[in-house]
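S.K.: what shape does this take:
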Amino acid sequence: SGTEYFIAHAGRSTGIRIWEYSSAHIGGIQLSYDGNWTTLVCANYGTPMEMTLLDNEYIVQVSGKYDYGYIYELMFVTSQGQSFKVGQPSGNSFNFYPTHDGSELRFLSGRHNGWGITSTGAHWAVYHTSDNSVTP
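M.R.: Next up is the predicted model:
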C-alpha cells in the first residue's frame with residue numbers, strides 16, 4: 001500500500017544507497033546512474049548503506065524479505081559476483097532476476113507509505129553502452 005515510486009534515469013546504474021531503520025524495515029532507497037543520484041524514495045531515517053559498482057559492472061539479481069507490510073531486507077548481486085545486503089532477514093523471501101542473457105537492472109518501482117518501502121519490483125533490459133540506450 002502507499003504511494004507509487006519509480007527510480008530510473010538515463011545511463012547505467014553505478015550505485016545503490018539504502019536506509020534501514022535500526023533492526024527494522026527499509027526506510028528509503030536511491031540509485032545512482034553514471035554517478036548521479038536519483039531523488040530519494042521515501043525516508044532518509046536510519047542508517048544509510050551504500051554500494052558503488054565498478055566500471056562495466058551491473059546488477060543481475062535483486063532479492064530480499066518482506067513482512068508486516070514492509071520490505072525488511074534487500075540484496076543486490078552484480079555481474080562480478082559482488083553482493084550488497086541491507087536489512088533484517090525476517091519474513092517471506094522474494095527474488096528477481098533477468099530472463100534474457102546480457103540484461104541488467106534498469107529501474108526499480110513499487111510503493112512506500114512515508115515510513116518505509118512497502119513493495120518493490122525490478123525491471124531488466126540490455127544496456128547498449130555505445131548509444132546509451134536499452135533494449136527491453
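
S.K.: contacts, neighbours, all on C-alpha from now
M.R.: Noted.

S.K.: mind giving me the packing neighbours of the longest strand seen in the chain?
M.R.: Using DSSP state E, we find that the single longest strand of the chain is strand 117-128. On a contact count with 3 or more Cα pairs under 8 Å, 6 or more residues apart in numbering; DSSP states H and E, strand 117-128 meets strand 26-33, strand 70-78, strand 103-112, strand 133-135.

S.K.: pLDDT wise, what is the most centrally placed residue in the chain at?
M.R.: For the chain, the residue nearest the mean C-alpha position is residue 108 (5.9 Å; Cα atoms, centre = their mean). pLDDT for residue 108: 99.

S.K.: picking up where we left off before, quick one: which of the helices and strands packed on strand 117-128 is nearest residue 4?
M.R.: Residue 4 lies closest, by Cα to Cα, to one member of these: strand 103-112, at 4.4 Å.

S.K.: next, the angle strand 26-33 makes with the closest one.
M.R.: Orientation of strand 103-112 against strand 26-33 (axes from the mean of the first three to the mean of the last three Cα atoms, to 10 degrees) gives an angle of 140 degrees.

S.K.: please name the bridge partners of the closest residue to residue 10 other than its chain neighbours.
M.R.: Of all residues not flanking residue 10 in the chain, residue 33 sits nearest, at 6.9 Å (Cα to Cα, 6 or more residues apart in numbering). Beta bridges link residue 33 to residue 13, residue 36 when assigned by DSSP bridges.
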